[in-house]
Structure formats: structure tokens, C-alpha cells
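> need a 3D model of the sequence below.
(chains A and B)
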Amino acid sequence: MNDPSIRNAGGAPNGRISGKGISMRRLLALCRKESYQIVRDPSNILIAFVLPVILLFLYGFAINLDVSLVRLGLLRLDDGPAAVSFEQQLRGNPVFELHPGASQAALQAAMSRGEIRGMVVIQSDFSSKWTHGQGAAIQVLTDGSEPNTANFVSSYVQGAFANWQAARAPLADGTPVPGLDLRSRAWYNPATISRDYLVPGSIAVVMTIIGALLTSLVVAREWERGTMEALLATPVTAAELLLSKILPYYVLGMVAMVLCTLVAVLLMGVPFRGSFLVLAGSSTLFLGAALGFGLFLSTTLRNQFNAAQAALTAGFLPAMMLSGFVFEIGSMPLPLRLLTRVFPARYFTSSLQTLFQAGTIPAILVPNDLCLALLMVFWLTLTARKTTRTLD
Amino acid sequence: MLKRLLALIRKELQIVLGNPKSRGMLIMPVVLQVILFPFAATMEVRHATLAVYNQDAGPASVELIQRMGRAAAFDRVRLVHSEPELRATLEGQDALLGVAIPADFSRRLLVGETAPLQVILDGRRSNSGQIATGYVTQVVSAYAVERGAPAATTLDVRNIYNPNLHSMWHVLPSLVAIITTIGCLFVTALSVAREREEGTFDQLLVSPLTPLYIMIGKAVPGILIALAQGLFIAGAAAWGFRVPFTGDPLVLVAGILCYGMALAGIGLFISSICMTQQQAFFGVFAFMSPAVLLSGYVGPIENMPLALRILAWSNPLTHTILIMKGVFLKGFGFQQAWPDLWPLLAVAVCTLSIALTMFRRHIA
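Numbering: from 1, shown residues only, chains lettered A, B, ... in the order given. Sure, this is the predicted structure:
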């Protein structure tokens, strides 16, 4: 390895060729070999085509952040008209599944088991206090171990309570309730269906799997099995070697991208409002960055176990956690916000969400694509340099 | 026989821990994830920008905007001066939320009419948008109450187990289970596959060790690694992040051990149907990523369709997260944890016996 003259004498006919020249014939042969290796191993097909569809469906149907059903315990110790009418208000709301309980302790035990996410307690003096205007109170207890659900529980109960109060108040003191009427409207996603933004975001995760995880193994595998030595003994140049690892996986990634888009739009009914050409361009830049990163790990670590672990930790997990598709980047502390800028998934997620839901908006897409292009050049150059050195 | 078994376990541990690169791969990611993810995996809204299009010149709207700006979620209030400007601000994601106040807002309030105002959220980020809308709603209703809406009846909201709804208290106990999954599955699934790929598995099979012992020898290192990683993260959660630990520490250990066994069973099962490390790695991944989604960590299980709820219930990660949350926040002892412990043991028994059958068939 340390003696370039020996390696080149056996390898390239011209002592200086390694890393530069490209012979189409050799490149095609290598690409064909790589493609056969991809197609013949069923685990590649599993990761590239089966898992993406499963994940897309799970993000679309299993993850519903809008909380459409709240299991709510109810303890009504008061038979007065006000208490009964509030219970009816809750029952009339399809979002609540009411679980009447015998005592607060019983309900609390059910909450500890996770059977209910919150409870409403109406004390025995509620109606009498309410009719006399003596500051009657309704208690709401939520399961704080699920903070997101707890927030939804309390805001839904608050909504039901406000409606109930607005309907009852004129009867109590004769005047209508003045005040403020806050209406909310969501642009691009009027029904605020979480599927419509989670599915485009999850395509970025799926593409990271194909781009970085599949490729993290390819070079390491050749080193572990000793076939890399055999390859190096042929006249193959570094550029050919690298391209033969990139091109087949790029094609695989683009096919998977088309599959994901079709599944999202045709089967899951996610709207697509942008330009397909821009989508293809962004996907190419993203795949370039992800492939470059995966190959870099594979080339440097030369061990499948380590490369796989590294690809998972530095590729897949950041795409899940730091790309902003489930967890809002703006809410993270500053050091993390800066860190997210290193990962290509962040830019791709943002572009996908905009292309699917809002349309072709240059203010979002141009900076994203520039960053992706930069990351692509960075990782591919780094990998190319590593590949050259091992051939020398 | 026990001596041979111990020798096998030691050999397995040496392969994983002996080489500094592999050792680093089991320690570094865990440390990084424990440091980074609790800060990232939050559903709270912070540092957001609020775009306000105020057509009203009266005092009420100015007062209301000032109050919104003081809400903890918003760092910045950006005043826009036209409908198109508001649209562009949201479109370019320069603001999370837009508020539009009509020209007659203050006048209507003054004469006792209901004054409408509108919140516009970005559908691309509608979850954060809805949460932020909740904050705005609170500000608006507090203001309405002060202006004389009847306040004879009140709603007292109290969050038990986590009074201030710290997202860290929910994230860290869940991470104990999620991060442990990766290390344990990898070690068990790849160990047999590596021996297959290198041809040393046949040597193991002709050794005096029976398939049962080989399987135990392959499972124990994975379980030990799960235990070490799980306890490390739990320690970091309790002491580093100050998540209250209210339950029985033995339940924590039992929960991680049972989960480790279930994972080792799954890992060995994957390993037994794979010929190469690549296949084993992809197999682990194909199990793990749906398992995280179906664990109730990202979205609540009760919102899933029935078929997925059944899958979520048979997912060992679901039960482990419940045990961890219970033991940290809900004061779980063995009695409360049992409904979630036995499914883990059931998964472990099933997968380990399938793996054993596959090993036996490999010899026959």
C-alpha cells in the first residue's frame, strides 16, 4: 500500500493514471457488476422498494399528530342541571370517548395504566355554586407523561368548556357574551391533516436510507471479502471505481423516489402542487450528497459493522430527528439549529414539504438546492480523495 | 459445559468490545444521542416568529399584539402592512403563524360587539402551528376575560406526573428504550451473520457446544450491552437531565433485561434467516424503523387504525417505553409493570425458540 510504484506497476498501465482517466467500457462493466449485486440480493429490494412503501404508509396512517380521539375519564359528583349539561356538551363532541369512573382514585389508576389520557372532575357543589355565581370550578387532570397529548386534551376540554359557557352565560345574567372571536385557518393544508406534511417529510427519510445506508456497506464489503484487492489489481481507475458505485445506486434511488411519489400522490391522496422537474433536480442533489456520505463512511471505515452503525447514527437518525419533519427545527436550542444545517435531509425535507403542499416557491427552494449542491460536492470530493489514496 | 459457555460469551464480547473502533461504535452514538436528542425531540414551540397584519389603529389591537409577543413561544413579532406581504412572509417560512386583525376591531370591542380576528397557520408545519395557535388562543381568551366576559366559572387544568409538561420528561424515558434497541439488535443479528459470512459458524457448530449453548452464547453479550446502554441512559436521564425517578429501580433493571431478551431473540431470528451481514443489517433496519413508529413515541397509539393498534401492542418497544415512563414518572412497582413485562417475556420466548429451531435445522 505504501509503495505506489509496485501498486501501479501491477494496476494501471500508465503510472499516473489512477484516479483520473475513465474508460467507458470498464465503467459499464463495473456498473453492470454492481447492478447485478444489487438486484440479486433480496435484502436490497427489501430496503429500496418494500420498506419505503411500508414506512410511507406508517407515516401516513399510524402517525396522527392531530389527536382525533381523546379517551377522557369523567367523574361527575353533582346531579344538578349545570353539571349534567356540561357532561352532555362533552358527550356531544365526537373527539371525546368518555369513560365514567366511580372515584377519582379509580380514574387515576386507569390513567396510570394509560387507558385514559385525562379526566374531568365535577364536584358535588358545582351546580349550586354555578347558579349563585360563586366561582364554580371544573377540574381537568391530564396525563403529563405524554405532553403533546396532554396539551390536546386540555385545549379540547377548554374548547368544549368555552362553548358550553357561551351557550349558558346569557341565561345566567341576561346579557350576551361580548368578546373576541378567534378563527384559525391553515394555508396549504386547510384541514390540517398531518399525513399531508408527514408523508413528504418521510420521503426524505426513505431517501436517506437508500442513499446512505445501502452505500455504507458497498465498499466495506469489498474490503472485508478481499474482493477490493482483486479489483485494485485490474486496470480500474479510482474515478471508474467511484462512479461504478455511485451510478447504479443513483438509478436505484431515483426509481424509489418515483415509487414514493406515486404512492404518496395516487394511493395516499397527498397533494402535489410543485413542479416535477424541480422535484427531480432536488432529488438528484440530495441523492448525490447522501451517496457521497455513505460511500465516504464505507471507504474510511472498511468494516461493515462499523460503517452500518455510523450510517445509522450520522445518516438515518439525524434525518429522523433533526430534519424538521416531526420536530420543529425553530424550537431547538441554537447549537442544535446550527447542527441541523450539516445534514442534507434538513434541506430536502423542507423542499419536499414546499413542493408537495405549497408549490414551486423559489424563496425556499433555491437556498435549499444550493446547500444540497454544496454538501454533494463536499462529500463526493472527500470520498474521491479517499478512494484515490487507497489506490496509490 | 458452563466453562465452555463462558468462553464463548467472552469471545463474543471480545469481538465487539476488543477493537477500539467497534467499541467506539457502541459508546459514541449512545452518548451523542443522549446529549442531542432530548433537545431536538420536542413538540414544544419556541423561538418562533409571529407575523401580524394589523389594520386597526385602536388601542385594543396594540395591547393584544403586545401580549402575544410576550408569550414564551414567540421570540419576534413581525409587523406586516398588507395581505400580500403576510402571504409572502408565511410562504417563505419567515414566520410560523400569522395574525390578521380587521380595521374595526377596537371599535367593535368598544361598543360591546364580538370582534373577530384571524390566525393563519402554515399547513406545511401544521402541528407546530396548531400548538402555537393554542398559545395565541390563551392570550386572547385571557384578554377577553379581563375585558369583562363572565368569569363565574373556571376550568382548573392540572397535569399529573409532569406538572409543567416538560417534554424532556417524556423523551428521556422513551430514549432509554429506543437507543438500547439499536445496539442490542446489531450485536446479536450481525454476530451470527458475520460468522456465516466468514465461514466460522460451521466451526462453532462442530464444536462440543450444543445449538442451545451457542444461542445462549450469542444472546448474552447482546443482553449485557442492552443493560449497560440502558442503565447509562437512565442514569443520564435521572442525574444529568433531572427527570424524576419515582418507581422501583429493580423494575427498571427488570424492564431493560426483559427487553434485552426480546431484542436478542429478534436479532438472532433475523440472523438465522440471513446469509450475509448486509442482509442482517437490512433485516434489523426493516424491523427497527417500523417498530419506532408503532411504539406510540411519535404519535399516540389510540389514534391508529385497529390493525396497526394490534401491531403496536405486539411491539416490544411499546411495552418497554410504557415501563420506562411508568418507572420514571408514575412510580411503578412490579405490580403495575407486570402487564407490560409479560408481553416482553412472551416475545423473547417465541423469538428465541424460533431461532433455536433454525440453528438446529442448520446442523441437520
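> can I get stretch A:87-99 in CSV, CA atoms only?
Extracted in CSV, the C-alpha atoms of stretch A:87-99 (Å, rounded to 0.1, in the frame of the first residue of the first chain):
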residue,chain,number,x,y,z
GLU,A,87,-71.5,16.4,30.6
GLN,A,88,-73.8,16.5,27.6
GLN,A,89,-71.6,19.1,26.0
LEU,A,90,-68.7,16.7,26.3
ARG,A,91,-70.7,13.7,25.1
GLY,A,92,-71.8,15.7,22.0
ASN,A,93,-68.2,16.2,20.9
PRO,A,94,-67.1,13.2,18.8
VAL,A,95,-63.4,13.8,19.7
PHE,A,96,-64.1,12.5,23.3
GLU,A,97,-64.5,8.9,24.2
LEU,A,98,-65.9,9.3,27.8
HIS,A,99,-65.1,6.8,30.5
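> now the strands for chain A?
A:70-76, A:96-100, A:118-122, A:136-143, A:180-187 (DSSP state E).
> how about these, which one is nearest residue B:38?
Nearest to residue B:38, of all these, is strand A:136-143, at 19.8 Å by CB to CB. Quick note: C-beta positions are derived from backbone N, CA and C, even for glycine.
> the strands of chain A into a markdown table, with extra columns for mean pLDDT, mean neighbour count and distance to residue B:185?
Formatted as a markdown table, the strands of chain A follow (pLDDT from 0 to 100; neighbours: other CB atoms under 10 Å in any protein chain shown; distance: least, CB to CB, whole Å):
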| stretch | mean pLDDT | mean neighbour count | distance to residue B:185 |
| --- | --- | --- | --- |
| strand A:70-76 | 91 | 21 | 32 |
| strand A:96-100 | 91 | 16 | 35 |
| strand A:118-122 | 90 | 24 | 35 |
| strand A:136-143 | 85 | 22 | 30 |
| strand A:180-187 | 69 | 16 | 39 |
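> now render those strands as a markdown table, adding distance to residue A:152.
As requested, the strands of chain A are exported to a markdown table (distance: least, CB to CB, whole Å):
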| stretch | distance to residue A:152 |
| --- | --- |
| strand A:70-76 | 7 |
| strand A:96-100 | 11 |
| strand A:118-122 | 9 |
| strand A:136-143 | 9 |
| strand A:180-187 | 15 |
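> can you redo those as TSV with distance to chain B?
Converted to TSV, the strands of chain A look like this (distance: least, CB to the nearest CB, whole Å):
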stretch	distance to chain B
strand A:70-76	6
strand A:96-100	8
strand A:118-122	9
strand A:136-143	5
strand A:180-187	4
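> to residue A:164, which of those lies closest?
With CB to CB as the criterion, residue A:164 lies closest to strand A:136-143 of the strands of chain A, at 9.5 Å.
> show the contacting residues for residue B:47.
Residue B:47 makes contact with A:330, A:331, B:75, according to CB atoms under 8 Å, 6 or more residues apart in numbering or on different chains.
> ranking the residues you listed by neighbours, who comes first?
residue A:331 (24 neighbours; other CB atoms under 10 Å in any protein chain shown).
> who are the neighbours in contact with it?
By CB under 8 Å, 6+ apart, the neighbours of residue A:331 are B:42, B:44, B:45, B:46, B:47, B:48, B:128.
> count of neighbours near the last one?
So the one you mean is residue B:128. 26.
> let me see the contact set for residue 160.
Defaulting to chain A. Residue A:160 touches A:89, A:90, A:93, A:96, counting by CB under 8 Å, 6+ apart.
> wait, chain B
A:108, A:111, A:141, A:142, A:143, A:144.
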